[in-house]
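Visitor: Next one to model:
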Amino acid sequence: MEQSEQARLVVEARELTRVYGNGAGTAVRALDGVSFQVRAGEFVAVMGPSGSGKSTLLNVIGALDRPTSGQIRVNGEDLSTLRDLDSFRARTVGFVFQLHNLIPTLTALENVMVPMQGAGLSGALQRRRATELLELVGLPGRGHHLPGQLSGGQRQKVAIARALANRPALLLADEPTGNLDSVSGDEVMGVFEQLHSEYGTAIIIVTHDVTVARRTHRILMMQDGRIIREDLVGDACTEALKALARSELGQALRANVPVAGLSGAEYLAFRQVLARLEE
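Guide: Numbering: from 1, shown residues only. The predicted structure is shown next:
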């Protein structure tokens, strides 16, 4: 029996390592035994401090870098056996970076059309699809504008439309709101949420922003090249309680360590709430 669309694995990583340098004192293990899966339609955030391996992981998933060891399969294809990685990226993966990387001399419409070159579509079909994608990301009527005539948030929306040009199975975004103000960042995240909810696009976002991560459905926490924790995102109250559980206060409560300033009843209530969270 074939797997349902929802059950289909879009990303399957097994014991991925990525080592830069080969000297005993200079080698850096950017990835150190990373294993995880992403299924069709999932919306996943990757978090962690700088240098934890987040961007390296995204580059390996997107075939921009090769692992030193381990296996990575994307949309059913073992990347270690692929010879034409450019073709794989063009048909399977869409990229959105912190810096939008639009071509400044091309209009928004022309930038979205760039990945369609060589895809076998006529110029008229390319233009129609690019127009539809700009409308999808909330930029109707902006196709004739150059990047310099658009705001930062609008440029990032054009980058998202460009990433969707060839209907990728997976969208990878590296700090897509990192250079945006809160209003523009909120609008960009709204586009990602729409893509996920209405079109079932599998999305992986690397972010330092907890607010951004909590708008996804699952968070992978990285540290020193490893995934150290995986959290399913719940409602705002549940997420606040999770943050409490990870705090020094939460650790003290869970370890039954006395906490100054809390009455016996308050202490017991906090412990009961945290215990329920772990059920």
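
Visitor: Nearest the middle, which residue of this structure would you pick?
Guide: For the chain, the residue lying nearest the average C-alpha position, counting by Cα atoms, centre = their mean, turns out to be I205 (1.4 Å).

Visitor: secondary structure element for that one?
Guide: The secondary structure element spanning I205 is strand 202-206 (assigned by DSSP states H and E).

Visitor: Looks like the residue nearest to the centre of the chain contacts V46 (just checking).
Guide: Yes. At 7.1 Å, I205 and V46 qualify as touching, with contact defined as Cβ atoms under 8 Å. Using the backbone N, CA and C atoms, a C-beta is placed for each residue, glycine as well.

Visitor: neighbours of A90, just the number please.
Guide: 18 (other Cβ atoms under 10 Å).

Visitor: Tell me the secondary structure at it.
Guide: Under DSSP: H, G, I helix; E, B strand; the rest coil, the three-state class of A90 is helix.

Visitor: pLDDT below threshold where in the stretch 51-200 of the chain?
Guide: With pLDDT under 70 as the threshold, the stretch 51-200 of the chain has low-confidence stretches at 119.

Visitor: How about F270, nearest residue that isn't a chain neighbour?
Guide: The shortest distance from F270 to any non-neighbouring residue, by Cβ to Cβ, 6 or more residues apart in numbering, is to L253 (5.1 Å).

Visitor: now swap in M222 and tell me
Guide: If you skip the residues right next to it in sequence, M222 has G48 as its closest partner in space, 3.5 Å away by Cβ to Cβ, 6+ apart.

Visitor: How about R14?
Guide: Nearest non-adjacent residue to R14, counting by Cβ to Cβ, 6+ apart: Q71, 4.6 Å away.

Visitor: And the one you found, how close does it get to G62?
Guide: For Q71, the distance to G62 under the criterion Cβ to Cβ, to the nearest Å works out to 16 Å.

Visitor: With Q223 instead?
Guide: Distance from Q223 to G62, counting by Cβ to Cβ: 22 Å.

Visitor: So between these two, which is more surrounded?
Guide: Taking neighbours as other Cβ under 10 Å, Q223 and G62 compare with G62 leading, 22 against 15.

Visitor: mind giving me the domain split of the chain?
Guide: When the chain is parsed with automatic domain parsing, its domains come out as 9-233, 235-279.

Visitor: Of those domains, flag the one that's most buried.
Guide: domain 9-233 (a mean of 18; mean count of other Cβ atoms under 10 Å).

Visitor: And it, end to end?
Guide: For domain 9-233, the separation between the terminal residues is 20 Å (Cα to Cα, to the nearest Å).

Visitor: elements contacting the helix or strand containing Q37?
Guide: Secondary-structure assignment from DSSP H and E places Q37 in strand 28-39. The contact analysis (3 or more Cβ pairs under 8 Å, 6 or more residues apart in numbering; DSSP states H and E) places strand 28-39 against strand 9-20, helix 54-61, strand 69-74, strand 202-206, strand 226-232.

Visitor: ok, now with 10 Å
Guide: Applying 3 or more Cβ pairs under 10 Å, 6 or more residues apart in numbering; DSSP states H and E, we find strand 28-39 packed against strand 9-20, strand 43-47, helix 54-61, strand 69-74, strand 202-206, strand 218-223, strand 226-232.

Visitor: I'd like these laid out as TSV, including distance to Q272.
Guide: As requested, these are exported to TSV (distance: least, Cβ to Cβ, whole Å):
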stretch	distance to Q272
strand 9-20	38
strand 43-47	29
helix 54-61	35
strand 69-74	42
strand 202-206	34
strand 218-223	25
strand 226-232	21
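
Visitor: All set now, cheers.
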